[in-house]
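S.K.: Using only what follows, build the 3D model:
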Amino acid sequence: MGGLEVKLKGLSIARWCRLTSPTYLLDVALQPAGLLAVSCSDFTVRLHSRDTLDLVGEYQGHRGPLCGVVFSHASPDFLYSASADGTVRGWDVRRPGTAAAQVFKGDPAHAYSGFDLSCSDTLLCAGTEQVDREDSYLVFWDVRKPGGGLLGAYSESHSDDITQVRFHPREKDRLASGSLDGLVNVFDLSRGTEEDALLATCNSDSSAGSICWAGAAYTQLLCLSANERLHLWDLGRLDTEEPLNVFGAADGRDLPQLAGGGAVDYLVGAQWLEEAQKLLVVGGANDGDVHLMECSGGGLHLLKTLERGHASIVRCFLWDAAKEALVTGGEDALLLLWKQQEAELMAGKRQSRKSESASRFKSRAHNNYSYHRGNK
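M.R.: From the prediction side, this is the model:
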């Protein structure tokens with residue numbers, strides 16, 4: 001833990017970018033070649049420089065709330081985004097501002113609320129909101145096939161909005177999905193039928209929100225729930241008599257001991273840090289402070305609180321291991337780059353950002369999910 005803790009404790013704001021419109025920043029993805037992709041609440045996808053955060057491009061085309069962005073692994077000039085408008089779109093980041101190079105559709109009644117791309121770059125999966133108050137679907141496409149490549153859908157495993165879909169980082173046929181029905185399902189897609197493919201069902205005891213593959217061999221799965229419950233399961237125990245649960249907490253906000261009597265008001269998400277072999281969980285305070293925590297079988301341990309950055313709720317983050325930098329985005333329309341160096345923004349600048357934010361944004365209760373459910 002020492003190496004990671006030292007790196008995180010030295011973080012300060014190196015760069016910042018405020019979008020010109022009052023927009024929430026919902027999700028962020030990294031292209032190692034030098035770009036950040038950010039999905040926004042105004043249905044746009046924006047491209048920023050990884051090093052300077054300068055805006056270098058923007059894509060429009062979605063007509064509903066976005067539920068994420070992800071770069072292709074083998075062809076990083078290709079970016080995917082999904083939306084409640086019922087489409088998954090592929091963009092060529094070498095041509096900012098152009099129309100989508102690919103558009104994937106399923107049933108017209110589907111509104112997508114979570115999606116991901118397999119590590120082999122061949123399979124897209126998007127989860128839907130609840131359809132007809134009864135079923136939710138996991139829809140699959142083969143990105144190599146012309147005409148949309150629709151393969152089919154799973155329809156029996158969830159009964160409410162699917163909040164997140166996550167492919168395994170190394171096993172192309174392993175998929176996890178979480179839903180408002182409280183279930184986190186794990187599938188082996190090579191087994192064919194939905195019934196045969198379902199390997200495990202874990203109960204989060206609440207509406208499942210963010211899920212994250214973790215562990216040295218990515219056999220662990222972390223789930224953060226809507227009411228800030230936290231569960232860490234070890235799927236490597238599936239063929240044993242051992243319980244899957246490694247750690248669980250009815251309210252993750254109560255676990256870390258914060259200096260000065262502060263509090264974790266909400267949990268943003270998690271990321272497995274391969275180089276450090278640590279599971280990083282990020283939480284926040286309603287005033288914009290960011291809490292960086294390590295999660296293990298022993299619980300949550302506070303590593304660092306980042307202050308004087310955001311002025312409102314943080315909605316997304318990523319750790320850039322190559323640059324040893326943290327990127328955060330929030331409801332204040334701010335994209336921040338934190339690095340181990342002297343802060344480039346003085347306290348007065350932070351105050352001016354906060355004042356501007358207060359005049360353009362209204363504070364509200366945190367929502368774990370990166371989409372807003374529309375009227376049925």
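
S.K.: What segments of the stretch 1-150 of the chain are strands?
M.R.: 11-18, 25-31, 35-40, 45-49, 55-59, 66-71, 78-83, 87-92, 102-105, 112-117, 123-128, 138-142, 150-154 (DSSP state E, counting those that start in this stretch).

S.K.: Among the ones you listed, single out whichever gets nearest to Cys316.
M.R.: Judged by C-beta to C-beta, the one of these that comes nearest to Cys316 is strand 25-31, at 4.8 Å. Just so you know, the C-beta spots here come from the backbone N, C-alpha and C atoms, and that holds for glycine as well.

S.K.: Name every strand pairing with the closest one and say which way it goes.
M.R.: strand 35-40 (antiparallel) (DSSP bridges).

S.K.: which parts of the strand it pairs with are buried?
M.R.: Leu35, Leu36, Ala37, Val38, Ser39, Cys40 (16 or more other C-beta atoms under 10 Å).

S.K.: Show me the shaky parts of this protein.
M.R.: 1-2, 257, 259-261, 342-376 (pLDDT under 70).

S.K.: Identify the residues contacting the spatially most central residue of it.
M.R.: For the chain, the residue nearest the mean C-alpha position is Asp27 (5.9 Å; C-alpha atoms, centre = their mean). Contact analysis of Asp27 by C-beta atoms under 8 Å, 6 or more residues apart in numbering lists Val38, Ser39, Leu66, Cys67, Gly68, Val69, Arg315, Cys316, Ser370.

S.K.: try 10 Å
M.R.: 37-40, 45, 66-70, 81, 269, 315-318, 329, 370-371 (C-beta atoms under 10 Å, 6 or more residues apart in numbering).

S.K.: can you check His62 too?
M.R.: 39, 42-45, 81-89, 100.

S.K.: is it true that Glu275 touches Ala322?
M.R.: Yes - in this structure, Glu275 is within contact of Ala322 by C-beta atoms under 10 Å, at 9.3 Å.

S.K.: neighbours of Glu275, just the number please.
M.R.: Using other C-beta atoms under 10 Å, Glu275 has 11 other residues around it.

S.K.: tell me the SS of it?
M.R.: Under DSSP: H, G, I helix; E, B strand; the rest coil, the three-state class of Glu275 is coil.

S.K.: Next, find the distance separating it from Trp319.
M.R.: Relative to Trp319, Glu275 is positioned 10 Å away (C-beta to C-beta, to the nearest Å).

S.K.: Please enumerate the shared neighbours of those two.
M.R.: Leu4.

S.K.: now, which of the contacts of His62 sits nearest Gln340?
M.R.: Once C-beta to C-beta is applied, the member of the contacts of His62 that ends up nearest Gln340 is Ser39, at 27.6 Å.

S.K.: which ones are touching the closest residue to that closest one other than its chain neighbours?
M.R.: In space, and not counting its chain neighbours, Ser39 is closest to Leu66: 4.0 Å by C-beta to C-beta, 6 or more residues apart in numbering. Residues near Leu66 by C-beta under 10 Å, 6+ apart: 26-27, 38-45, 81-85, 89, 112, 115, 370-371.

S.K.: Go again with 7 Å.
M.R.: Applying C-beta atoms under 7 Å, 6 or more residues apart in numbering to Leu66 gives the contacts Leu26, Ser39, Phe43, Ser81, Ser83.

S.K.: all strands of the stretch 251-376 of the chain, in order?
M.R.: Taking DSSP E, counting those that start in this stretch as the criterion, the stretch 251-376 of the chain contains strands spanning 266-273, 278-284, 290-296, 299-306, 314-320, 325-330, 334-340.

S.K.: Work out the sheet partners of the third one and label each with its direction, please.
M.R.: When sheet partners are counted by DSSP bridges, strand 290-296 sits next to strand 278-284 (antiparallel), strand 299-306 (antiparallel).

S.K.: The shortest one vs strand 325-330, what angle?
M.R.: So that's strand 278-284. Angle between the axes of strand 278-284 and strand 325-330 is 30 degrees (criterion: axes from the mean of the first three to the mean of the last three C-alpha atoms, to 10 degrees).

S.K.: so strand 278-284 versus strand 314-320, what angle?
M.R.: 150 degrees.

S.K.: between strand 278-284 and strand 266-273, how many degrees?
M.R.: Using the same axes, to 10 degrees, strand 278-284 lies at 160 degrees relative to strand 266-273.

S.K.: could I get strand 278-284 in PDB with only the CA atoms?
M.R.: Extracted in PDB, the C-alpha atoms of strand 278-284 (Å, rounded to 0.1, in the frame of the first residue of the first chain):
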ATOM      1  CA  LYS A 278      -5.100  -2.400  -5.100                       C
ATOM      2  CA  LEU A 279      -8.800  -1.700  -5.400                       C
ATOM      3  CA  LEU A 280      -9.400   2.000  -5.400                       C
ATOM      4  CA  VAL A 281     -12.800   3.200  -4.300                       C
ATOM      5  CA  VAL A 282     -13.700   6.900  -4.800                       C
ATOM      6  CA  GLY A 283     -16.300   8.700  -2.600                       C
ATOM      7  CA  GLY A 284     -17.200  12.300  -2.300                       C
END
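
S.K.: buried residues in it?
M.R.: Along strand 278-284, these residues count as buried under the neighbour rule (16+ other C-beta under 10 Å): Lys278, Leu279, Leu280, Val281, Val282, Gly283, Gly284.

S.K.: Skipping adjacent residues, who's closest to the fifth one in space?
M.R.: It refers to Val282. Nearest non-adjacent residue to Val282, counting by C-beta to C-beta, 6+ apart: Val268, 4.4 Å away.

S.K.: so what's the one you found up against?
M.R.: Val268 touches Val282, Gly283, Gly284, Val314, Arg315, Phe317, counting by C-beta under 7 Å, 6+ apart.

S.K.: Out of the buried residues of strand 35-40, which comes closest to Leu11?
M.R.: Leu36 (17.0 Å).

S.K.: What is the neighbour count of the residue nearest to that closest one when sequence neighbours are not counted?
M.R.: Spatial nearest neighbour of Leu36, excluding adjacent residues (C-beta to C-beta, 6+ apart): His48 at 4.5 Å. Number of residues near His48 (other C-beta under 10 Å) recorded here: 24.
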